[in-house]
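[1] Make a model of this:
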Amino acid sequence: MVAAALMTAPSPETGARKSGATRGRILDAAARTFRAKGYAGTTLNDIAAAAGMQAGSIFYHFASKEELLGEVLRIGIGRVFDAVRQSAAALAPDAPFEQRLCAAIGSHLAMLLKHGDYSSADIRIFGMVPDPVRRVHLRRRQAYGAWWRQLLAEGRERGAIRADLNPSLVRMLLLGAMNWSTEWYKPARGSIDAMAKTLCTLTLEGLLPRIPDLAPAGRGRRFRAG
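    Numbers count the residues shown, from 1 in each chain. The predicted structure is shown next:
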């Protein structure tokens, strides 16, 4: 009897894999639900229903909604950051700044729009989350922002981008444009690759065929596009 019970009992490795799979299912459901309903509008019952389990089962893996939220946010920014760094690192060390920038833009958009529940939840609900969670997560966001700041600084040092522009504003405008795409992007509007190329071109070259002669407002001067 004892021998038979030992033979049929799951191994510790099997139990760990099953627990890990359940934890992953809860996190996936939480990311989808936070993205759809926001932080305040999401309950543990909502997450449990999306995961196909009882709400009480969540507490075997997460102590609270806030702990679950923190893990979703950590994964969201972590996946984007890892993908962007890897895309840049895959290029040759002497790759032109333009290639590095476009690779980073493409990876950021792909992670948001192809694998987007975690990253999109991060973008949507960050302003809604409790202060203790926000403070922890803010450090990760700042580290990601610092990576982009360094990339733009390198471009400036190489003479690849204009020295008269504020790199902090460029970084915030670029990240803001990419992050807002989660609100409007649909595959029918074009591929993610095409969108990344368009944003890269706009960032590097602008819209006009030549740089306009910019004049203060009210002086009666016009853009010279040709």
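
[2] what sits up against stretch 146-155?
    Contacts of stretch 146-155 with the rest of the structure, by Cβ atoms under 8 Å, 6 or more residues apart in numbering, involve 81, 84-85, 88, 97, 100-101, 104, 161, 167-168, 170-171, 174-175. All C-beta spots, glycine's among them, are computed from the backbone N, C-alpha and C.

[3] what comes up buried for that stretch?
    148-149, 151-152, 155 (16 or more other Cβ atoms under 10 Å).

[4] Now do the contacts for residue 187.
    Applying Cβ under 8 Å, 6+ apart, we find residue 187 in contact with no residue.

[5] mind listing the helices for this structure?
    Using DSSP state H, the helices found in the chain span residues 2-8, 12-37, 44-51, 65-89, 97-113, 116-125, 131-157, 167-184, 192-205.

[6] ranking those helices by burial, who's on top?
    Ranked by mean neighbour count, the helices of the chain are led by helix 116-125 with a mean of 24 (mean count of other Cβ atoms under 10 Å).

[7] For that one, give the mean pLDDT please.
    Helix 116-125 shows an average pLDDT of 82 in the prediction.

[8] okay, the buried residues of stretch 146-155 in JSON lines with pLDDT next?
    Conversion of the buried residues of stretch 146-155 to JSON lines gives the following (pLDDT from 0 to 100):
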{"residue": "148", "pLDDT": "95"}
{"residue": "149", "pLDDT": "93"}
{"residue": "151", "pLDDT": "93"}
{"residue": "152", "pLDDT": "93"}
{"residue": "155", "pLDDT": "90"}
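
[9] which residues touch the nearest residue to residue 34 once chain neighbours are set aside?
    Once flanking residues are discounted, residue 34 sits nearest to residue 121: 4.2 Å by Cβ to Cβ, 6 or more residues apart in numbering. Residue 121 makes contacts with 31-32, 34-35, 72-73, 76, as judged by Cβ under 8 Å, 6+ apart.

[10] from these, which single one is nearest residue 137?
    Set against residue 137, the nearest of the contacts of residue 121 by Cβ to Cβ is residue 73 (4.7 Å).

[11] Does the closest one touch residue 135 like I think?
    No. Counting by Cβ atoms under 8 Å, residue 135 is not a contact partner of residue 73; they are 11.6 Å apart.

[12] Could you report the separation of the nearest residue to residue 143 once chain neighbours are set aside from residue 111?
    Across the structure, with Cβ to Cβ, 6+ apart as the measure, the residue nearest residue 143 apart from its sequence neighbours is residue 81 (7.4 Å). Note on residue 81: its distance to residue 111, by Cβ to Cβ, to the nearest Å, is 9 Å.

[13] go on, residue 53?
    In this structure, residue 53 and residue 111 are 28 Å apart, going by Cβ to Cβ.

[14] Next: residue 189.
    Between residue 189 and residue 111 the distance is 18 Å, computed by Cβ to Cβ.
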